[in-house]
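Chemist: got a predicted structure here, sequence first:
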Amino acid sequence: MINKVVSGAEEAIRDIEDGQTLMLGGFGLCGIPENCIAALVQKKVKNLTCISNNAGVDDFGIGLLLQQRQVKKMISSYVGENAEFERQLLSGELEVDLIPQGTLATRCMAAGYGMPAIFTPAGVGTEVAEGKEVRNFNGKDYLMEYAFDADFAIVKAWKGDTAGNLIYKATSRNFNPVMAMAGKITIAEVEILVEAGELDPDQIHTPGVYVHRIFQGDHYEKRIEQLTVRPKI
């Protein structure tokens, strides 16, 4: 077996270059690859196209890349928590492709399955459909959307093994599994890294065949976008 384990985020992202397309797992701030994002900021790669459910917040997640003007284009579903994103969008500094969330997930899945395109009713008859092919199946119109073509998929898991098998914990099992399948090179950072054979095969969410590099991360903040607590009684 080829050794997939690398020493850390810096080595994992070593060949990410300016102008490439990255998938970044997570939903809001849950299950995002914090260590790899920090390493990308330090590396100062620029003109990136980022495919992610969200754009992080102003000072965390993908928001850190936006602060440093490292992102050329965002392909996302939800960006409402990031004021810097809003500023760059309105000023014309940032290209943005807003996509229905189900379409975003399914285009990731299609890339992982080796499918060139999908057909979805989401967006038919709206601005989303402008310039795109529409086909009718059984009397209903569907919009054709292409599978994503990402140079790298960067995901975060709770536990992984040295063969690249991954287990996600609770809500962090969001966009991570479909993105892990879809990159030409998939990088996984995990909280706990064990030897191959130590994970229960019935619990594995992403088989190691999809993962090219894996490392054990550290110093996870696991921030919450909108913290709501019950008042004291």
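Modeler: Nice, I can see it. Residues are numbered from 1 along each chain as shown.

Chemist: what's around R87, how many residues?
Modeler: 13 (other C-beta atoms under 10 Å). (Glycine included, C-beta is placed from N, CA and C.)

Chemist: so where do the strands sit in this protein?
Modeler: 21-24, 48-51, 71-76, 95-98, 117-120, 134-137, 140-146, 152-161, 166-167, 185-194, 213-216 (DSSP state E).

Chemist: can I get the ones you listed in JSON lines including mean neighbour count?
Modeler: Converted to JSON lines, these look like this (neighbours: other C-beta atoms under 10 Å):
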{"stretch": "strand 21-24", "mean neighbour count": "26"}
{"stretch": "strand 48-51", "mean neighbour count": "23"}
{"stretch": "strand 71-76", "mean neighbour count": "21"}
{"stretch": "strand 95-98", "mean neighbour count": "13"}
{"stretch": "strand 117-120", "mean neighbour count": "16"}
{"stretch": "strand 134-137", "mean neighbour count": "10"}
{"stretch": "strand 140-146", "mean neighbour count": "16"}
{"stretch": "strand 152-161", "mean neighbour count": "27"}
{"stretch": "strand 166-167", "mean neighbour count": "23"}
{"stretch": "strand 185-194", "mean neighbour count": "22"}
{"stretch": "strand 213-216", "mean neighbour count": "22"}
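
Chemist: I204: which of those strands is closest?
Modeler: strand 166-167 (6.1 Å; C-beta to C-beta).

Chemist: residue ranges with poor pLDDT in the protein?
Modeler: For the chain, residues meeting the criterion pLDDT under 70 lie at 1-2.

Chemist: for this protein, what's the longest helix?
Modeler: helix 101-113 (DSSP state H).

Chemist: in PDB, list the C-alpha atoms belonging to that one.
Modeler: This file holds the C-alpha atoms of helix 101-113, laid out as PDB (Å, rounded to 0.1, in the frame of the first residue of the first chain):
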ATOM      1  CA  GLN A 101     -27.900  23.500  -2.000                       C
ATOM      2  CA  GLY A 102     -29.200  20.200  -3.300                       C
ATOM      3  CA  THR A 103     -27.700  20.900  -6.700                       C
ATOM      4  CA  LEU A 104     -24.300  21.800  -5.200                       C
ATOM      5  CA  ALA A 105     -24.300  18.400  -3.300                       C
ATOM      6  CA  THR A 106     -25.400  16.400  -6.300                       C
ATOM      7  CA  ARG A 107     -22.800  18.000  -8.700                       C
ATOM      8  CA  CYS A 108     -20.200  16.900  -6.100                       C
ATOM      9  CA  MET A 109     -21.700  13.400  -6.000                       C
ATOM     10  CA  ALA A 110     -21.800  13.300  -9.800                       C
ATOM     11  CA  ALA A 111     -18.100  14.100 -10.000                       C
ATOM     12  CA  GLY A 112     -17.400  11.300  -7.500                       C
ATOM     13  CA  TYR A 113     -19.500   8.800  -9.500                       C
END
